[in-house]
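>>> sharing a model prediction with you, sequence too.
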Number of protein chains: 2
Amino acid sequence: MANRADALRDALEEEIVMGALRPGDRLEEPALAARFGVSRTPIREALLQLAGAGLIEIGPRRGASVAAIGPRRLVEMFDVMAELEAMCASLAARRASAEEIAAIREAHAACGAATRTSLDAYYYENEVFHERIRTASHHGFLIEQATALQKRLKPYRRLQLRVRGRMDASWAEHARVVDALAAGDAEAAAAAMRDHVVVQGARFTDLIVSMEAEAAP
Amino acid sequence: MANRADALRDALEEEIVMGALRPGDRLEEPALAARFGVSRTPIREALLQLAGAGLIEIGPRRGASVAAIGPRRLVEMFDVMAELEAMCASLAARRASAEEIAAIREAHAACGAATRTSLDAYYYENEVFHERIRTASHHGFLIEQATALQKRLKPYRRLQLRVRGRMDASWAEHARVVDALAAGDAEAAAAAMRDHVVVQGARFTDLIVSMEAEAAP
DNA sequence: CGGCACCTTCGTGTATACACCGATTGACCT
DNA sequence: AGGTCAATCGGTGTATACACGAAGGTGCCG
């Protein structure tokens, strides 16, 4: 739609997703307008779009602030994400072409290499891995929904990886998904992906601790 | 957020969902502003929110129009809806209280009565039935997502019921869901709900025909 | 008579101005 | 001195004004 409003939306989205703007931060229209050198109007439109995507929250007469997600809600969001990604995996197991399987294998290998590099490297390669599986589902609407939800969860996924050993565990879980996809086993692929994404058991506690550690300073 | 913009959003949403505004209809800001007796500003905000919810589409320099969903995309949306509702049913099978099960049974009975009344009556009672199952899932975020998607599909669900015999078939499918819920069988509940919502086989063709019949005049 | 070009008009995109509401701060009263 | 009330200020919500671009209609030319 609007040229400027769209650009602003993308810019703000980037800042939120990448963590430059942290959950709870207030977004005041005059300040943003001055910062980007535009009037308040396109700022407001950008904010409304971000609110529609769930990245920020707008209260009546209280302005906008980056969506702050409580622990319970966060776990619920990962629940739904797990189901959507499981659906992607299930479809991909049946629909993926040989090239797509190869691309997924490649991304998996890159993840493996990244486990010996840095957390940030793994974070990035992990994104690629998941995205390729989603693409291989050949399900346009599902891809849209999963991608949208993934954006909202992006800041928190990085958090999850900080737990010691989580990166290696994550890579091992990926391996199970890859095997199931290669075997064309939709059920197994879905189950492996669901288990990989969902936050339960010990990982629930880990997440809570990470969130509190993040919120402290 | 905005008092007026919010009210306008609800009003327009109502008109879209209820079919007063049909897919493809253009929404011109000056016309809407005149009709509601407000300026263009809150109209624009309402439109942006509706676009965020996926109910309308906004093109660059082309204004807004009610989202026109093609057959393929529509089927995909029902696919995802089926998965979300299946998840609701699965959770409800494990979490629903005795009162909630009773409420679902009651809604099911109301649906049965409505099959002998009218299509519109069944349509309404069907909504109640599904909503109560969603509520019984006790999963806030899932409920939100499912409800949002259901709004987008509302106009087309009514379409589906027009197929001869679909109403009775739908009620029979509901019965399977209710039985599984009452038995606390999460797997069976999910499967029954998924089969109920998804559009496949003969129902795919039925939907296409209904859409073409609707688009003709 | 038909096609093309130009002009007019309408609609969107952005900026600016104004009104209302809430919050915060200072002063006054107890 | 502490609490409360009021006033001011900052920020959102709405309206209006203006500019750009697109689409459609009309007139002219082939």
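Structure's in. What do you need?

>>> show me how chain A divides into domains.
What automatic domain parsing lists as the domains of chain A is A:3-66, A:71-215.

>>> ok, and does the first one reach over to chain B?
Yes - if you take Cβ under 8 Å from any Cβ of the partner chain as the test, domain A:3-66 does meet chain B, through A:3, A:44-45, A:48-49, A:51-53, A:58-60. No exception for glycine: its C-beta is placed from N, CA and C like everyone else's.

>>> ends of that domain, what's the gap?
From its first residue to its last, domain A:3-66 covers 23 Å (Cα to Cα, to the nearest Å).

>>> I'd like the domains of chain A as a markdown table, with mean neighbour count, mean pLDDT and distance to B:R72 appended.
Below are the domains of chain A laid out as a markdown table (neighbours: other Cβ atoms under 10 Å in any protein chain shown; pLDDT from 0 to 100; distance: least, Cβ to Cβ, whole Å):
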| stretch | mean neighbour count | mean pLDDT | distance to B:R72 |
| --- | --- | --- | --- |
| domain A:3-66 | 17 | 95 | 24 |
| domain A:71-215 | 18 | 95 | 8 |
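
>>> compare those domains and give me the one nearest DNA strand D.
For the domains of chain A, the distance to DNA strand D is smallest for domain A:3-66, at 3.0 Å, taking Cβ to the nearest atom of the strand.

>>> so where do the helices sit in chain A?
Secondary structure of chain A (DSSP state H): helices located at A:3-18, A:29-36, A:40-53, A:71-95, A:98-115, A:119-136, A:140-161, A:166-183, A:186-197, A:202-215.

>>> would you format the ones you listed as a markdown table with distance to DNA strand C included?
Shown next, in a markdown table, are these (distance: least, Cβ to the nearest atom of the strand, whole Å):
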| stretch | distance to DNA strand C |
| --- | --- |
| helix A:3-18 | 3 |
| helix A:29-36 | 7 |
| helix A:40-53 | 4 |
| helix A:71-95 | 23 |
| helix A:98-115 | 36 |
| helix A:119-136 | 29 |
| helix A:140-161 | 21 |
| helix A:166-183 | 39 |
| helix A:186-197 | 37 |
| helix A:202-215 | 20 |
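
>>> now the closest residue to A:L149 other than its chain neighbours: how far from B:E85?
Once flanking residues are discounted, A:L149 sits nearest to A:M81: 5.3 Å by Cβ to Cβ, 6 or more residues apart in numbering or on different chains. As defined by Cβ to Cβ, to the nearest Å, A:M81 lies at a distance of 17 Å from B:E85.

>>> tell me which residue is most central in chain A.
In chain A, the residue lying closest to the centroid (Cα atoms, centre = their mean) is A:Q150, at 2.9 Å.
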